[in-house]
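> task: produce atomic coordinates for the following.
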Amino acid sequence: MVRPHLLSDILPLSDFRANAAALLEQLHNTHRPLVITQHGKSAAVVLNPQDYENLLERIEMLSDIRAANTDIEQGKTHSQAAAKTQAMEHLRKRRTKS
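Predicted structure coming up:
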């Protein structure tokens, strides 16, 4: 995700309301988020939907990496052979239930 430009991508709610269509087009074209202020303080961030999805995917991946690192540090690991055996057993059980 591209960072917002401080001079053009931070605007008061009243400006967003008055220029919503043009600002949404800007969002689509630049992929820069808009920071909306209210009473001089940041109140919301508006993102392109695809950029939002990409951001969520990155967060999920980083969370998975952090969990994996914690498992490794705690010795909660399996050899490749053990993991393969466990996966194959799981698949066999699923096939017999079908």
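> state the mean pLDDT of stretch 82-98.
The pLDDT scores in stretch 82-98 average 89.
> and stretch 31-38, by the same measure?
For stretch 31-38, the mean per-residue pLDDT is 96.
> show me what counts as buried in that stretch.
Neighbour-count burial for stretch 31-38, counted by 16 or more other C-beta atoms under 10 Å, picks out 32, 33, 34, 35, 36, 37. C-beta here means a position set from N, CA and C on the backbone, and glycine is covered the same way.
> run through the strands of this protein in chain order.
10-12, 34-38, 41-46 (DSSP state E).
> hmm, who's touching the longest one?
Right, strand 41-46. Identification of contacts with strand 41-46 by C-beta atoms under 8 Å, 6 or more residues apart in numbering yields 10, 13, 16, 23, 27, 33, 34, 35, 36, 37.
> now the buried residues of stretch 31-38 as TSV including distance to residue 6?
Listed next are the buried residues of stretch 31-38 as TSV, based on distance: C-beta to C-beta, whole Å:
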residue	distance to residue 6
32	11
33	12
34	12
35	9
36	14
37	12
